[in-house]
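Participant: Sequence first, predicted coordinates after that:
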Amino acid sequence: MENRDYAFDFAAKNASYFDIINISPEKKSISVEQVRKINSEIFIKPNGERKIYILEADNITEQAQNALLKTLEESPPYATIILIGKRASFLSTILSRCVYIPSAVSFPKLPEEIINFINEFEKSDLGEIFEHYRFLEENKETIEDFLDFMQIFFRESLLKGAVNSINKILIVQKAKVNLRRNANFQITLEDMLIQLRKG
């Protein structure tokens, strides 16, 4: 994420729901020691619904980024890490584990079938999961594009103040990563739908 003001506005609006931890550089950049502290404290459960770390990371060192990798990949389900900085500031290994939100947010127009699918899905109950999976299976050849559009839908919702959209973006991202690792298509997407429906 590049937009510092948006990140802190989001934090201010949701401080009563989340534990917000702001990490600023102690000197010129975020250090390995600061990241190691995050790595140890992130596994302490929050007082609120979630624990959100906001790192002002434009000048984060390469060593600090490497120290953060495993935590980004295996963070507890209640934790979110927001890195504020330009894409050029981060290693490719960091970027591959993050969902990027640019400062000048301009979303492409979503296809009607995506909007209709999500709207119908969010009104349904868990017993109808298989019907929605069948729709995804019909779009198997273009499933990554479909999941990209789902993330865009949830990002738009997040920018409008729907705080639970953070979880939904991450759930879809996990499904995308698992599919790239050749995980079972049906199991991966049914699990994604179940987790999305739980919220």
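Facilitator: Sure, I can see it. These numbers come from a predicted model, not from an experiment. Residues are numbered from 1 along each chain as shown.
Participant: Can you give me the buried ones in whatever helix or strand Lys37 lives in?
Facilitator: Assigning secondary structure by DSSP states H and E places Lys37 in helix 32-41. Neighbour-count burial for helix 32-41, counted by 16 or more other CB atoms under 10 Å, picks out 32, 34-35, 38. C-beta here means a position set from N, CA and C on the backbone, and glycine is covered the same way.
Participant: quick one: which of those is nearest to Pro111?
Facilitator: Pro111 lies nearest to Ile38 out of those, by CB to CB, at 38.5 Å.
Participant: Contacts only, for that closest one.
Facilitator: Counting by CB atoms under 8 Å, 6 or more residues apart in numbering, Ile38 touches 21, 23, 53, 55, 68, 71, 81.
Participant: Determine which two of the buried residues of helix 32-41 are furthest apart.
Facilitator: Val32 and Ile38 (10.7 Å).
Participant: got the buried residues for stretch 21-30?
Facilitator: By neighbour count on 16+ other CB under 10 Å, the buried set for stretch 21-30 is 21, 23, 25, 29-30.
Participant: circling back: quick one: average pLDDT of the helix holding Lys37?
Facilitator: Helix 32-41 shows a mean pLDDT of 93.
Participant: Pretty sure Cys98 sits against Gly85.
Facilitator: No: contact between Cys98 and Gly85 fails when scored by CB atoms under 8 Å: they sit 10.7 Å apart.
Participant: So what's the residue count around Glu49?
Facilitator: By other CB atoms under 10 Å, the residues close to Glu49 number 15.
Participant: correction: Ile166
Facilitator: For Ile166, the neighbour count with other CB under 10 Å is 21.
Participant: Surely it forms part of a strand?
Facilitator: No: counting by DSSP: H, G, I helix; E, B strand; the rest coil, Ile166 is not part of a strand but helix.
Participant: Look up how far Asn59 lies from it.
Facilitator: Applying CB to CB, to the nearest Å, the value for Ile166 to Asn59 is 25 Å.
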